[in-house]
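1. Just need the structure, nothing else, for what follows:
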Amino acid sequence: MPAATNKSDLIAVSELEWAKLQKAIDRIPEDLALAKDEDETSVKDILGHRAHWIDLFLGWYRDGADGKDVHMPAKGYKWNELKRYNRDLRAQQADLTWNQAKTLLLDAHMALMAFIADTTDSELYGGPMPGANNKWTAGRFAEASGPSHYRSAAKYLRQRLRQHQA
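-> Alright, predicted model coming up:
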């Protein structure tokens, strides 16, 4: 699927992928949500991860808009250290319950949709996101942190559910 290039397409893809993810989440029983896979990752971890990355994006955008340094992916980490970052994030979120993880993701999704609604087409797609030090627009970052992440999460959830039912 090609990346969105305007606000209305970003809203549409966000709503579409969110609905697919919600449908998958609704089918996951709590015991499966908490069970670790061979990589020591659970469905609950995936939801917490997705919520966190939306928060990261919103923080990057705010910092860039305010002229502050933007730490991508996060202060003290480089892009080539994502495995370590995500492992550290799972450790930080280890005590999340299934319901808390679902709530975190819903809250993050709502914040992302509010951001998109409150941001102009020009701010989303008129040029590189301030502070990002690359050519990606804010809209492209929003899509990567929201609908693209929703798509991969839904795929993972469906796979785990099939394994669970086998």
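
2. Check which helices and strands whichever strand or helix holds residue 15 is in contact with.
-> For residue 15, the element it lies in under DSSP states H and E is helix 7-26. If contacts are counted by 3 or more Cβ pairs under 8 Å, 6 or more residues apart in numbering; DSSP states H and E, helix 7-26 sits against helix 98-118, helix 121-125, helix 138-145, helix 147-165. (Glycine included, C-beta is placed from N, CA and C.)

3. And the contacts of it?
-> 1, 4, 47, 102, 105, 109, 112-113, 116-117, 119-121, 124-125, 139, 142-143, 146-148, 150-151, 153-154, 157-158, 161 (Cβ atoms under 8 Å, 6 or more residues apart in numbering).

4. Buried ones only from those residues, please, as a ChimeraX command.
-> In ChimeraX syntax, the buried subset of the contacts of helix 7-26 is picked out as below (16 or more other Cβ atoms under 10 Å):
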select :4,47,102,105,109,112,113,116,119,124,125,139,142,143,146,147,148,150,151,153,154,157,161
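
5. after the helix holding residue 15, next one along is what?
-> Moving toward the C-terminus from helix 7-26, the next element (DSSP H and E) is helix 30-34.

6. Brilliant, that's me finished.
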